[in-house]
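Student: I would like the atomic coordinates for the input below:
(one chain, ligands or ions: 1)
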Amino acid sequence: MPYIHNTITGLMASSPAQSEFYQAVEEVLESLEPLLEKSPHYRKNHIIERMVEPERQIMFRVPWVDDNGEIHINKGYRIEFNSALGPYKGGLRFHPSVNASIIKFLGFEQIFKNALTGLQIGGGKGGSNFDPKGRSDNEIMRFCQSYMSELYRHIGPTTDVPAGDIGVGAREIGYMFGQYKRLTGRYEGVLTGKGTLWGGSLVRKEATGYGCVFFAENMLKSQGDDLKGKTCLVSGAGNVAIYTIEKLYQLGALPVSASDSSGTLYDAKGINLAHLKELKEQKRVSLQNYLEQYPHAEFVPVKDYPEDGHAVWRYKADAGFPCATQNELTEADAKALMTNGCNCISEGANMPSTPEAVEVFLRNKIHYGPGKAANAGGVATSQLEMSQNASMQQLSFEQVETRLKEIMHDIHQRCSETAKEFGQPHNLVLGANIAGFRRVADAMIEQGVV
Ligand code: NDP
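Tutor: Sure thing, here's the model as predicted:
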């Protein structure tokens with residue numbers, strides 16, 4: 001369609017060198033074709049042009065001093081993308097690869113994901129190119145304080161409520177919350193993913209991983225199947241991967257892999273979850289250390305990965321859960337998964353499959369849950385944290401998990417009903433994009449040209 005080409009060309013001119021952002025926009029626009037044909041008023045209202053331009057982009061300097069007294073300067077971001085449905089909501093990522101393109105792709109995806117939850121939350125994302133690896137607790141604290149010293153003036157419980165993402169967990173949220181409170185004098189729900197002692201919600205830590213498994217279970221159940229007894233590949237070894245593995249075990253599946261920036265771990269007997277948590281949540285060391293306790297397992301270092309993909313997707317399994325980072329599953333990986341009999345992919349990470357890999361999944365008509373639907377449990381539970389903060393109540397673990405399960409069921413339902421409405425019942429990419437877009441676009445039209 002010429003308008004897709006024109007939109008991408010326009011973005012390339014106005015926002016150069018943002019390939020991940022163009023990739024995310026193109027994927028959404030391609031899915032919208034049938035909707036735009038059926039409902040021309042979206043084009044007439046220039047909704048696409050308005051949606052691809054963030055409402056506000058904040059970039060700032062983050063200076064900090066390491067334990068040796070050396071000064072470091074990082075770049076901080078917060079992209080407030082779309083507030084048609086509520087306050088901007090989306091995580092903060094601290095990773096050396098962070099740049100404007102990565103944050104914009106994540107912020108753009110977040111708009112549709114948040115819309116799919118059915119809750120009142122807009123889309124935003126932020127972060128920094130700070131590398132937390134190997135930094136002491138004090139260095140992390142000083143960095144978080146410096147980052148918040150600028151961010152605090154842009155956020156608030158009814159305007160913009162950040163959460164965690166890669167490199168930002170409970171420790172970092174704690175340091176940032178402390179600094180926000182010190183600067184503003186206000187104790188309020190300005191961040192989610194907080195410690196449960198001081199305003200956090202039970203199940204927030206587990207929510208993205210658990211939700212991603214619930215989504216897979218919903219896809220399988222729609223065809224009378226489930227996860228029980230299924231061998232599963234999981235990539236990543238952080239927050240999302242760990243709680244994906246935990247829920248897979250709870251539902252009777254066998255998760256046999258994990259991966260991190262040093263390589264891929266494969267344990268045919270099933271990943272030992274307690275040991276994985278010890279290595280990654282407490283000691284924060286490479287997965288390679290797993291072999292010291294479990295020498296029967298295999299570890300493939302990144303340097304030995306296949307040229308056209310990633311070792312983790314080359315093992316035989318029934319289902320796959322990419323939970324590390326963007327573009328971590330290539331076309332060759334997708335073909336290997338198909339050859340090995342995998343028929344279910346549920347994305348815990350954001351945009352982990354390349355567009356070519358997605359094509360392979362759709363062509364093979366497997367159960368494929370795109371990240372913006374399958375990993376929405378994290379942000380949905382963040383919204384439950386916001387509402388608990390606002391009403392000064394705390395829900396029990398069971399209450400939040402039950403709500404999360406219902407929300408994931410509803411998201412699956414919304415995506416699959418929309419996919420059916422447009423004559424492609426297996427295509428949840430189309431279903432997720434159209435269902436998310438329609439909700440945001442209708443709200444934008446009703447709110448006028450703002
Ligand atoms: P964590 O920082 O807890 O874990 C990330 C994991 O992925 C780590 O094991 C890390 O390796 C690995 N990783 C990160 N970047 C790379 C890379 N470039 N190459 C290889 N490995 C990499 O992050 P999360 O688990 O929170 O996030 C994982 C994914 O899930 C991201 O795509 C995020 O956007 C998405 N997501 C997260 C949500 C949340 O609630 N946290 C919500 C929705 C989506 P190492 O251990 O070596 O650093």
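
Student: use CA for all of it now, contacts and neighbours both
Tutor: Fine.

Student: Tell me, how many residues neighbour the residue of the stretch 51-200 of the chain found nearest the ligand?
Tutor: Residue of the stretch 51-200 of the chain nearest the ligand, by CA to the nearest ligand atom: Ile166 (3.3 Å). When counting by other CA atoms under 10 Å, one arrives at 17 neighbours for Ile166.

Student: ok, Leu220 touching Lys230?
Tutor: No: the criterion here is CA atoms under 8 Å, and Leu220 misses it with Lys230 at 11.3 Å.

Student: Spit out the residues that contact the two alike.
Tutor: Common contact partners of Leu220 and Lys230 (CA atoms under 8 Å, 6 or more residues apart in numbering): none.

Student: Alpha carbons of the worst-scoring helix or strand of the chain on mean pLDDT, as PDB, please.
Tutor: Ranked by mean pLDDT, DSSP states H and E, the helix or strand of the chain with the weakest confidence is helix 2-14, at a mean of 92. C-alpha atoms of helix 2-14 as PDB (Å, rounded to 0.1, in the frame of the first residue of the first chain):
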ATOM      1  CA  PRO A   2       1.500   3.400  -1.000                       C
ATOM      2  CA  TYR A   3       0.500   5.000   2.400                       C
ATOM      3  CA  ILE A   4       2.800   2.500   4.300                       C
ATOM      4  CA  HIS A   5       5.700   3.300   2.000                       C
ATOM      5  CA  ASN A   6       5.000   7.100   2.400                       C
ATOM      6  CA  THR A   7       4.700   6.800   6.100                       C
ATOM      7  CA  ILE A   8       8.000   4.900   6.500                       C
ATOM      8  CA  THR A   9       9.700   7.300   4.000                       C
ATOM      9  CA  GLY A  10       8.400  10.300   6.000                       C
ATOM     10  CA  LEU A  11       9.700   8.800   9.200                       C
ATOM     11  CA  MET A  12      13.100   8.100   7.700                       C
ATOM     12  CA  ALA A  13      13.400  11.700   6.700                       C
ATOM     13  CA  SER A  14      12.100  13.200  10.000                       C
END
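
Student: Skip ahead from that helix and say which helix or strand is next.
Tutor: Beyond helix 2-14 in the direction of the C-terminus, DSSP states H and E gives the next helix or strand as helix 19-38.

Student: Can you name every helix or strand that that following helix contacts?
Tutor: On a contact count with 3 or more CA pairs under 8 Å, 6 or more residues apart in numbering; DSSP states H and E, helix 19-38 meets helix 2-14, helix 100-116, helix 428-446.

Student: contacts for the least confident helix or strand of the chain?
Tutor: Helix 2-14 has contacts (CA under 8 Å, 6+ apart) with Gln18, Tyr22, Val25, Glu26, Leu29, Glu30, Glu49.

Student: Try it again at 7 Å.
Tutor: For helix 2-14, contacts defined as CA atoms under 7 Å, 6 or more residues apart in numbering pick out Tyr22, Glu26, Leu29.

Student: residues near the first one, how many?
Tutor: When you say that, I think you mean Tyr22. When counting by other CA under 10 Å, one arrives at 22 neighbours for Tyr22.

Student: contacting residues around it?
Tutor: Taking CA under 7 Å, 6+ apart as the criterion, Tyr22 is in contact with Ile8.

Student: and with 8 Å instead?
Tutor: By CA under 8 Å, 6+ apart, the neighbours of Tyr22 are Ile8, Leu11, Met12, Phe105.

Student: Distance of the first one relative to the ligand?
Tutor: Spelled out, it's Ile8. Per CA to the nearest ligand atom, to the nearest Å, Ile8 is found 23 Å from the ligand.

Student: ok, now how distant is that residue from Lys280?
Tutor: Ile8 is 39 Å from Lys280, where distance means CA to CA, to the nearest Å.

Student: what do you get for the last one?
Tutor: Noted for Phe105: a distance of 27 Å to Lys280, by CA to CA.

Student: Name the residue in these two with the higher neighbour count.
Tutor: Phe105 (23 against 17).

Student: quick one on the thing from earlier: quick one, which of the helices and strands packed on helix 19-38 gets closest to Gln388.
Tutor: Comparing these by their distance to Gln388 (CA to CA), the top pick is helix 100-116, with 18.1 Å.

Student: May I have the closest one as PDB, with CA atoms only?
Tutor: What follows is helix 100-116, C-alpha atoms only, in PDB (Å, rounded to 0.1, in the frame of the first residue of the first chain):
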ATOM      1  CA  ALA A 100      16.100   6.700  20.400                       C
ATOM      2  CA  SER A 101      15.100   4.000  17.900                       C
ATOM      3  CA  ILE A 102      14.900   1.300  20.600                       C
ATOM      4  CA  ILE A 103      12.900   3.400  23.000                       C
ATOM      5  CA  LYS A 104      10.600   4.600  20.200                       C
ATOM      6  CA  PHE A 105       9.900   1.100  18.900                       C
ATOM      7  CA  LEU A 106       9.100   0.000  22.500                       C
ATOM      8  CA  GLY A 107       6.900   3.000  23.100                       C
ATOM      9  CA  PHE A 108       5.000   2.500  19.900                       C
ATOM     10  CA  GLU A 109       4.300  -1.100  20.700                       C
ATOM     11  CA  GLN A 110       3.300  -0.200  24.200                       C
ATOM     12  CA  ILE A 111       0.400   2.000  22.900                       C
ATOM     13  CA  PHE A 112      -1.300  -1.100  21.300                       C
ATOM     14  CA  LYS A 113      -0.400  -3.500  24.100                       C
ATOM     15  CA  ASN A 114      -1.900  -1.200  26.700                       C
ATOM     16  CA  ALA A 115      -5.000  -0.700  24.600                       C
ATOM     17  CA  LEU A 116      -5.400  -4.500  24.400                       C
END
